[in-house]
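**Q** sharing a sequence plus its predicted fold:
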Amino acid sequence: MNLEMLWVFALLAACVAAFIANRPRMDVVALAAMLALVISGTLEVDEALSGFSEPSVILIAAFFVIGEGLVQTGIAHRVGDWLVHTTRSSETRLLVLLMLAVAGLGSVMSSTGVVAIFVPVALSVAARLGASAGRLMMPLAFAGLISGMLTLVGTPPNLVVNSELQRAGLNGFGFFDFTPAGLIVLVLGIAYMMYARRWLGAEPEAHGRSAQGRRRLRELAKDYHLLDRVRRMQVAAGSPMIGHTLGELQLRAGYGANVIAIERMRQFGQVMLTTSANREILAGDILLVDFVRAELDIERFCAEMHLQKRAFKQDYFTDMSRELGLAEVVIPPGSTLIGHSILELRMRSQRGINVIGLRRGGHAQDDTLLHERLRMGDTLLIAGTWKAIRLLNMQPQNFLVLSVPAEMDEAAPAARRAPFALLTLALTVGLMVSGLVPSVIAALLGCLLMGAFRCIDLNSAYRSLHWQSLILIVGMLPFAIALQKTGGIDFIVSSLLGLSGEASPRVVMAMLFVLTAVVGLFISNTATAVLMAPIGIALAQQLGLSPYPFAMTVALSASAAFMTPVSSPVNTLVTGPGHYRFMDFVRVGVPFTVLVLLVCVTVLPLLFPFAPQP
């Protein structure tokens, strides 16, 4: 082991440590490592920047856009509606159809996006059936992960492995080369979850839903202890609040008094006003105030501000449902809200909504609501106009609208362009399968058609790009080159072969699977594929065998992130709604990962024989 190889391994270890700590962000770490490889002289500039010209990066970006087109045209939501109407009263039927629908959609669009769409669908149907959400959320996540095993474009690691094969001068995988093994894993996953669901959430959630499976406004308010905190106060003459805006008064920061809405008398009756930062308070206004600070002396506050108490009925939110709405939203992975407090985010002034509840780990946070720093997976209760709540659906990078009350009449998706989106998807896949044009050209053509048919606008297309994932790939690809140049890959391969001794190729594949799956517990599956794909191909070459079963093993094991709630954003998304603990994923995920391992070592050599192709 030479010094240059030691330097590359040390830098790689530092990157993994930073990935685990998540400080700084993974894309920043990858770019910093790329610069370090150039500055140290390990790589030339063109070698370090080769990721920017990598076709797989463009292909991944293109399918982000195509997947967003399926969402914008309502196709994904329509599948969810079909699921609701088809399951009837059978939890078993729901589980099977849910996993099939998620796996099918996830094979051509972002699995995280698909799971985000189906979380509220599954919650709604589970409530209607009287089933526990915990019995459905983990099958939903597993189906999202399995979807990446079904097609070439199902997940970025597949494209990374395919690109590495081409870089080695070999033919890449076909669009459906993943499908046979992926279908076997999917069937096993459904059968496994039919049994394993008994370990998850045996009792239905006692949240009280409507007959249609959607919670009422009053039930939402009760779940977040809102009915115990909210008061109606009328601004009396001589109040120091009169003539000042809410932004000037700083009631939330100074007193822990959050004004949710304002009732004001107009010429033709009382109206409900939104609470923007520039809303001026007038004498006679009735304020709906959420007292989020338990230690606040409400009587003293009323005396200082010249406020008079008014009646507050338990059905207040229902009575005012035409003007004031509530909804639950989840903070998704990559949200810009993560790490900030509610006071810092200024939701009211910037988005027209009030955050009036926070649930973490199944427990509502009351006293620390305003100052608690948000984390991925936190559930927020928001209040605002229905229009403002609907607009949150257009910001999926920051908000996942988990549930809206039964009082809100959901507008049907604008699906007039849906046939064109389906036509575009079919044409794109057809071109990729036929090989008439390179896959990346077919995907770019699909993006242009999505725009030409007005299935997606330019702003939505750019918002759909997950830049962090793309930059992570670009920054990590030079590591594969550096390991190759310094002999690092040969060192790892010889070490693995030394451990396996005279064992069969299937044992070596099993070792490769375990190593990839373990690395994937600590870093993203995309970065895992970047590091492990050249090792898998080199292993096959050292053994004088075909590289395809080994490359496919890397791809499938990189997607087998079933074992912890933080090993994939898909798992993190369902942890809150499913009320899971860390050990729930370990108990259910580890045995299923072993099943996937068995599929790899038994089925892949039959689909891709070990004998090298001439």
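**A** Looks like it came in fine. Given the structure is predicted, the values throughout are model-derived calculations rather than measurements.
**Q** in a strand, residue 259, correct?
**A** Yes: under DSSP: H, G, I helix; E, B strand; the rest coil, residue 259 falls within a strand.
**Q** quickly list what it is bridged to.
**A** Counting by DSSP bridges, residue 259 forms beta bridges with residue 289.
**Q** run a quick neighbour tally on it.
**A** 21 (other Cβ atoms under 10 Å). No exception for glycine: its C-beta is placed from N, CA and C like everyone else's.
**Q** before we move on, what about residue 228?
**A** 10.
**Q** could you pull out the strands for this structure?
**A** 230-235, 257-266, 269-273, 286-291, 307-310, 325-330, 353-360, 363-364, 379-384, 400-403 (DSSP state E).
**Q** so for the first one, what gets flagged as buried?
**A** Applying a neighbour-count criterion of 16 or more other Cβ atoms under 10 Å, the buried positions in strand 230-235 are 230, 231, 232, 233, 234, 235.
**Q** how much space between the residue nearest to the spatial centre of the chain and residue 300?
**A** Nearest to the mean C-alpha position of the chain, by Cα atoms, centre = their mean, lies residue 112 at 4.1 Å. Between residue 112 and residue 300 the computed distance is 48 Å (Cβ to Cβ, to the nearest Å).
**Q** could I get the pLDDT score of residue 161?
**A** What the model reports for residue 161 is a pLDDT of 93.
**Q** what does residue 522 give?
**A** So residue 522 comes in at 69 (pLDDT).
**Q** and what of residue 177?
**A** Looking at residue 177, its pLDDT is 94.
**Q** the residue nearest to it when sequence neighbours are not counted - how many residues pack around it?
**A** Among residues not flanking residue 177 along the chain, residue 152 sits closest, at 7.0 Å (Cβ to Cβ, 6 or more residues apart in numbering). By other Cβ under 10 Å, the residues close to residue 152 number 24.
**Q** list the buried residues for whichever helix in the chain runs longest?
**A** Secondary structure assigned by DSSP state H gives helix 582-607 as the longest helix of the chain. Using 16+ other Cβ under 10 Å as the test for burial, helix 582-607 gives 584-585, 588-589, 592-593, 595-597, 599-601, 603-605.
**Q** still on that earlier bit, right, and the residue nearest to residue 177 touches residue 165 too?
**A** No: checked against Cβ atoms under 8 Å, the pair residue 152 and residue 165 is beyond contact range at 11.4 Å.
**Q** can you list residues touching both of these two?
**A** Listed as contacting both residue 152 and residue 165 by Cβ atoms under 8 Å, 6 or more residues apart in numbering are residue 173.
**Q** look up phi and psi at residue 564.
**A** The phi/psi pair for residue 564 (degrees, to the nearest 10) reads phi -140, psi 160.
**Q** excluding chain neighbours, what is closest to it?
**A** residue 585 (5.3 Å).
**Q** from residue 570, how far off is that neighbour?
**A** Residue 585 is 11 Å from residue 570, by Cβ to Cβ.
**Q** residue 370 too?
**A** Going from residue 370 to residue 570 by Cβ to Cβ gives 31 Å.
**Q** between the two, which one's more packed in?
**A** Using other Cβ under 10 Å, the more surrounded residue of residue 370 and residue 570 is residue 570, with 28 against 18.
**Q** surely the more buried one touches residue 115?
**A** Yes: if you go by Cβ under 8 Å, residue 570 and residue 115 touch, sitting 5.1 Å apart.
**Q** tell me who's in contact with residue 569.
**A** Applying Cβ under 8 Å, 6+ apart, the residues contacting residue 569 are 112, 332, 333, 334.
**Q** inside helices: which ones of those residues?
**A** Using DSSP H, the members of the contacts of residue 569 that fall in helices are residue 112.
**Q** on that earlier part again, distance of the residue nearest to the centre of the chain from residue 244?
**A** Counting by Cβ to Cβ - residue 112 and residue 244 are separated by 44 Å.
**Q** just the helices in the stretch 201-350 of the chain please.
**A** Under the criterion DSSP state H, counting those that start in this stretch, helices of the stretch 201-350 of the chain are mapped to 217-223, 226-229, 246-249, 251-255, 298-305, 316-319, 342-345, 347-351.
**Q** got a list of contacts for the last one?
**A** The reference is to helix 347-351. With Cβ under 8 Å, 6+ apart, helix 347-351 has contacts from 246-247, 275-278, 353-355, 382, 384, 388, 391-392.
**Q** relative to residue 49, which of those is nearest.
**A** Top of the list for closeness to residue 49, among these and by Cβ to Cβ, is residue 392 at 37.9 Å.
**Q** and that closest one, how many neighbours?
**A** By other Cβ under 10 Å, neighbour count at residue 392 equals 20.
**Q** can you name the residues that contact it?
**A** Contacts of residue 392 by Cβ under 8 Å, 6+ apart are 327, 329, 351, 353, 382, 399, 401.
**Q** what about 7 Å?
**A** 329, 399, 401 (Cβ atoms under 7 Å, 6 or more residues apart in numbering).
**Q** quick one: the first one from residue 377, how far?
**A** Counting by Cβ to Cβ, the gap between residue 329 and residue 377 amounts to 12 Å.
**Q** for the residue lying closest to residue 527 once chain neighbours are set aside, give me its contacts.
**A** In space, and not counting its chain neighbours, residue 527 is closest to residue 476: 5.0 Å by Cβ to Cβ, 6+ apart. The contact partners of residue 476, by Cβ under 7 Å, 6+ apart, come to 30, 527, 530.
**Q** pLDDT at the second one, what is it?
**A** On the pLDDT scale, residue 527 is placed at 79.
**Q** same question for the last one.
**A** Each residue has a pLDDT score; the one for residue 530 is 86.
**Q** isn't it right up against residue 480?
**A** Yes: the pair residue 530 / residue 480 is scored as a contact, 6.0 Å apart, by Cβ atoms under 7 Å.
**Q** who has more neighbours, the two?
**A** residue 530 (29 against 23).
**Q** run a quick neighbour tally on residue 174.
**A** Neighbours around residue 174, by other Cβ under 10 Å: 15.
**Q** go on, the one 4 residues further on?
**A** Residues near residue 178, counting by other Cβ under 10 Å, number 28.
**Q** and what of the one 3 residues further on?
**A** Residue 181: 23 surrounding residues under other Cβ under 10 Å.
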